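In: Sequence and predicted model, in that order:
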Amino acid sequence: MRRFIYASFVMLLAISFLMARDLKVNKMALTKGAKVSAKIDLNQKNPLEPMYPYAVYPVSKGKSQNLAKMQAAAGTNRNIATSGNGYGWLNPMVREIDRYAGLDADLGTDIDFIAVSYRGADASQIMESEVDVSAGLATGTLFTTSAPINDGFSGVGGRYPCMVALDRPFVSFNQYVSGDGQTTPTISHPYTMTSWGTYGANGDAWTTPDFQMDVGWLNPTLNSFTSNKENRLWNGPVSIVKDASDYYRYVSVYETWYSDVERSLYGVQNEKYIFNARSISDYAADGWVYGWDEGHDPVWIDTAEVSLPRCGVSINSSGFGVIAGPGHLGWHHPDSGYYYNKTKITYSITTDYGLTWSAWDTVEFVGELGIPGYIHGSDKWIMWDTTATGDTIWYDGPAFVGTNFDMSVMVDDNNTIYVAFNSLWGVPGDNGWYPNYRYSGVLLARKPSGGSWVGSRIAYNNGIWQGDDYISGMSNYFFDSEVQISRDEMGNLYASWLDRRHNQVQISNFNRYSDPETYGNSGTFKTDIYAAHSIDGGDYWSDPINLTDTPALDEYELNMSIRSANQNSRGDYGKIWYAYCLADTASGDPATDSYIELSNAVWVGEASNFNPPAAIGDGNASVVRDFALRQNYPNPFNPTTTIEFVPLTTGKVTLTVYNAAGQEVANLFNGEVQKNRPYQVIFSGQNLASGIYFYQLKTEKNTEIKKMVLIK
C-alpha cells in the first residue's frame, strides 16, 4: 500500500455511529479501535521501481476479470490494454489520461477523443491508446499505437508516462538508460513526443527521439562529479498549453535520482528542476526551443528552502501556473519519513510559462482553510480508558491536523488554483492519532486570483456511517484516496477518488505498493472509485456516486482527465473520464508480491449520471462556513438570485422576503431544518418591480436580515 499505515491497538477508540443524512453523533463506545501512525516513510509509501536487471512479469493468460467492459450503476468501464507491471502510474500527480474535443490540428474536423499513455506489456515500452467518445466510451472505436512510442530508444525502457491532449496528443516520459540506483547512477532523460497524424486512425505516426527535453543542458551538480556526468531525470509531471500565438508552451518538474554511492561520496540528495520550452512554430512536430537556449536555465527547487517529495504542475494559456504538492518549508533529511501533521500543501506560482517562480509558501490548514486546531465541545466523541476498570472520559485537547500524499493540482483560465487533497483530523496520541470524521476526508483548497485560500469538503470517508461494515482489528477509515480533480468548459468542477465501500467490504491479501517481504502485509480494503461534482466553484459538492461498484475487484492507481465535459441537455450535470489499474492477482503470490509487481490491466471509465448538486436538505457542507444567513448572489440580480443559510440549531425556520415598505412579498421556506447543514433557495423577482428588498431568516432563537437589489 503506497502510504503504508501502521496499525496499533493500544487504546479504546469510540467511533460514534453516524446518521447517514444528519451526521448526528451518538455517544456509543465500541469495543475495538485503531490508532493510526502519523509517519510516512518514503521507502514504503512511494517505492522506487526495481532497477536493472529488470524482471518482466509475464502476462497472465487468464485475467482476474474476464469482461472487456463493465457497466456499473454510475460508470461505464472498459479494458483497453495490459501493462507488464503497475509501476507506470506510481505517481498520481502525473496525469496519464486526458480528453480533447475540438478541431483536429491536421484534419481540421471536429473530434472528441480521450487519450491514455501507459507502460506496455513488457513494461519497457511507452504505449498510447485513444478512444472516440463522441458517441460514448462503450461503443467508441479504440486506436492503439502499433509500435511503442519509444521504439528504437536505447537503454532499459520508458518510465512514468504523462498525457496532455490538445489539438494533437502529447506523451511525456523519461527514458531509463542505465544504472541500478545503488552502486551506479540511474541515467535517464525526459522526452515529449507528439503525433504527426494527430488522433484516431491517423494518430500512429509519432515524432522521433529528437525531442529530448533536457538536450543541451547538464545538471550543474554533476560538475563536481568525477564520472557519470549525464542527467538522471525521473518521474516528471508535465503541463502543455497553447498561447495566444498558437505556440505550444511546456512546463515540467523532473527529479534527479542519485545512486547510494553518489549520495555518500558527494553528499548530494535527490533534487528537482523545473523545465520550460516553447514550440518552434504552431506545428509542434517542428520541435522545441528550450529555455536555456534563450538564457533561462531550468529552475532548481532548492532543498534548503522547501521539501517537496511529490508535486503536480498546471499552467493556463496566459502563462499563469502553479507547482504544488505535499511538503513543507525547509530542508528534510532524505532518509527520514514524513509526518502527516508536518506535511502541508506547498506551492509556488509562475506568471510567465515557468520562466520565473514565486517564493515557496504553504497553506495553513488551521488558519487559512478553517480546520480547527482544537477539539471543541461538539467534537468530543473520543473516549480514553483511564482506569483498570475501564472507566472513560471525553478527550479534551488539541487536534491532530495533517494530510498524506494524495493531491491533485489544477489552475483555470481565471488564475484560480485548485488543490484536492486528503485531510486527516483527530486526536493525537503516542506515535499515532485517532481519526475524527468532522474534518477528515476528501477536501478542496482553492485560491482565487488575488484572493486568499479557502477550503471546502468534497466527501466524507466511508466507514463512518451507521450501518457501514465494521472490520474487527482494522481502522475503518481508508486514507489512500488518490484524489483527482477536473473542470469542464463551463467552469463546473469534478472530483474522483478511491474509497472503501459502505457494505460488501472485502480485504485484499495483496499490498498495493509495498513489498510484503520487506514491509509485511496487514491487509487493506478493496476499493471502488467514487466521484462528485460542484456547480458553484467548489463550495458545495453533490453526494458521491460509485463509478465501478465491484466489491471483489480492487481498483487502484486512479487518474482522471483534467478536462471534463458539460452536457447542456442535462443542465449542469457533466461527464468525466478516468483511468485506473487492476492487478492480475491470479498470477501473484501475496506473500512475496504487491500489485505494482504484477501484470496490470489498464481500464478507462466514463461517467455522467451525477447526483443532483447541493440544494435544500443536502448535507455536504463546506469546511469553511459562516453558520448563519449569507449574502445572496448575484446581487444586484435580474430576475433570480440564490439565498443560502446554515442554521445554528435544529428546529423550525422561516425565510421571508419583504419590500422597502416592509410588506411581505414571498415566503421562501417554512419548515424544519438540521443544525450545521447548508440550505439553498432560488428567489425570482420576475413579477416584482426594481428596487431594494430584504430577506429575513427567523429561527426559534434569533432573526437575521440582509438587503438585496433587483434591477431590471
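Out: Cool, got the structure. Numbering: from 1, shown residues only.
In: Look up the closest residue to Val268, ignoring the ones flanking it.
Out: Once flanking residues are discounted, Val268 sits nearest to Tyr258: 5.2 Å by C-beta to C-beta, 6 or more residues apart in numbering. Just so you know, the C-beta spots here come from the backbone N, C-alpha and C atoms, and that holds for glycine as well.
In: So the one you found sits against Gly267, correct?
Out: No: look at Tyr258 against Gly267 with C-beta atoms under 8 Å: they stay out of range, at 10.2 Å.
In: More neighbours: the two, which one.
Out: Taking other C-beta atoms under 10 Å, Tyr258 and Gly267 do not tie; Tyr258 has more neighbours (23 against 8).
In: contacting residues for the more buried one?
Out: By C-beta atoms under 8 Å, 6 or more residues apart in numbering, Tyr258 lies in contact with Pro185, Arg232, Tyr266, Val268, Gln269, Asn270.
In: And Leu688, by the same measure?
Out: Leu688 makes contact with Asn659, Val665, Leu710 under the criterion C-beta under 8 Å, 6+ apart.
In: Need the per-residue pLDDT for it.
Out: We have a pLDDT of 93 for Leu688.
In: element containing it?
Out: Assessed by DSSP states H and E, Leu688 sits outside every helix and strand.
In: ok, so what distance separates it from Ala666?
Out: Leu688 sits at a distance of 9 Å from Ala666 (criterion: C-beta to C-beta, to the nearest Å).
In: tell me which of the contacts of Tyr258 is nearest to Gly155?
Out: Arg232 (11.7 Å; C-beta to C-beta).
In: Any figure for the gap between the closest one and Gly197?
Out: To Gly197, Arg232 is 33 Å away according to C-beta to C-beta.
In: So between the two, which is more surrounded?
Out: Between Arg232 and Gly197, Arg232 has the larger neighbour count (other C-beta under 10 Å), namely 26 against 17.
In: how many other residues sit next to Ser690?
Out: Ser690 has 12 neighbouring residues, counting by other C-beta under 10 Å.
In: Make 56 the starting number, not 1.
Out: Yes, from this point I'll number from 56; that puts the last item at Ser745.
In: Need the phi and psi values for it.
Out: Per-residue torsions, Ser745: phi -60, psi 150 (degrees, to the nearest 10).
In: Identify all contacting residues around the longest helix seen in the chain.
Out: Determined from DSSP state H, the single longest helix within the chain is helix 315-321. Outside helix 315-321, the residues within contact range by C-beta under 8 Å, 6+ apart are Gly236, Gln237, Thr238, Thr239, Pro240, Ser279, Phe280, Asn283, Tyr313, Val323, Gln324, Pro389.
In: could I get these as TSV with pLDDT?
Out: Compiled in TSV, those are given as follows (pLDDT from 0 to 100):
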residue	pLDDT
Gly236	84
Gln237	86
Thr238	88
Thr239	90
Pro240	92
Ser279	92
Phe280	94
Asn283	92
Tyr313	92
Val323	93
Gln324	91
Pro389	78
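In: just curious, which of those residues is nearest to Asp609?
Out: Gly236 (28.4 Å).
In: is it true that the closest one lies in a helix?
Out: No: assigned with DSSP: H, G, I helix; E, B strand; the rest coil, Gly236 falls outside any helix and is coil.
In: my guess is it contacts Thr311, does it?
Out: No: Gly236 is beyond contact range of Thr311, at 11.9 Å (criterion: C-beta under 8 Å).
In: Look at these two and report which has more neighbours.
Out: Thr311 (22 against 19).
In: what's stretch 406-415 in contact with?
Out: For stretch 406-415, the external contacting residues (C-beta under 8 Å, 6+ apart) are 298, 304, 306, 329-331, 333, 346, 351, 354, 360-361, 370, 374-376, 378, 384, 401-405.
In: Can you get me a residue count around the closest residue to Val361 other than its chain neighbours?
Out: Nearest non-adjacent residue to Val361, counting by C-beta to C-beta, 6+ apart: Trp415, 4.2 Å away. Trp415 has 20 neighbours, counted by other C-beta under 10 Å.
In: Also Thr199?
Out: Residues near Thr199, counting by other C-beta under 10 Å: 15.
In: List the contacts of the nearest residue to it once chain neighbours are set aside.
Out: Residue nearest to Thr199 in three dimensions, not counting chain neighbours: Ser184, with 4.4 Å by C-beta to C-beta, 6+ apart. The contact partners of Ser184, by C-beta under 8 Å, 6+ apart, come to Ile135, Ala136, Ala170, Val171, Tyr173, Leu197, Phe198, Thr199, Thr200, Val657.
In: Mind listing the residues bridging to Ser184?
Out: Val171, Thr199 (DSSP bridges).
In: Tyr393 too?
Out: Taking DSSP bridges as the rule, Tyr393 bridges to Ile95.
In: Okay, it and Thr401: tell me how far apart.
Out: Distance check for Tyr393 against Thr401: by C-beta to C-beta, it reads 11 Å.
In: ditto for Val270
Out: As for Val270, its distance to Thr401 is 30 Å (criterion: C-beta to C-beta).
In: more neighbours, the two?
Out: Between Val270 and Thr401, counted using other C-beta under 10 Å, Thr401 has the larger neighbour count: 23 against 15.
In: what's the helix or strand the more buried one falls within in contact with?
Out: Thr401 is located in strand 399-405, with elements delineated by DSSP H and E. Contact partners of strand 399-405, identified using C-beta under 8 Å, 6+ apart, comprise 306, 361-363, 366, 370, 374-384, 411-420, 458, 462, 472, 474, 476, 500.
In: neighbouring strands for it, and are they parallel or not?
Out: Counting by DSSP bridges, the strands paired with strand 399-405 are strand 376-384 (antiparallel), strand 416-418 (antiparallel).
In: starting at the chain centroid, how far to it?
Out: 15 Å (C-alpha atoms, centre = their mean, to the nearest Å).
In: Please save the CA atoms from it in PDB.
Out: Extracted C-alpha coordinates of strand 399-405, given in PDB (Å, rounded to 0.1, in the frame of the first residue of the first chain):
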ATOM      1  CA  LYS A 399       1.100  20.800   4.100                       C
ATOM      2  CA  ILE A 400       0.100  21.900   0.700                       C
ATOM      3  CA  THR A 401       3.300  23.500  -0.600                       C
ATOM      4  CA  TYR A 402       3.300  25.700  -3.700                       C
ATOM      5  CA  SER A 403       5.000  28.200  -6.000                       C
ATOM      6  CA  ILE A 404       3.400  30.400  -8.700                       C
ATOM      7  CA  THR A 405       4.500  31.400 -12.200                       C
END
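In: what residues are up against the closest residue to Met218 other than its chain neighbours?
Out: Excluding the flanking residues, the one nearest Met218 by C-beta to C-beta, 6+ apart is Ser172, at 4.3 Å. By C-beta under 8 Å, 6+ apart, the contact list for Ser172 reads Glu151, Ile181, Met182, Glu183, Ile204, Pro216, Cys217, Met218, Val226, Phe228.
In: Repeat the analysis, applying 10 Å as the threshold.
Out: The contact partners of Ser172, by C-beta atoms under 10 Å, 6 or more residues apart in numbering, come to 143-144, 149-153, 181-184, 200, 204, 213, 215-220, 224-228, 248, 634, 657.
In: From the contacts of Tyr313, pick the one nearest Val736.
Out: Distance to Val736, by C-beta to C-beta, is smallest for Asn325 among the contacts of Tyr313, at 53.4 Å.
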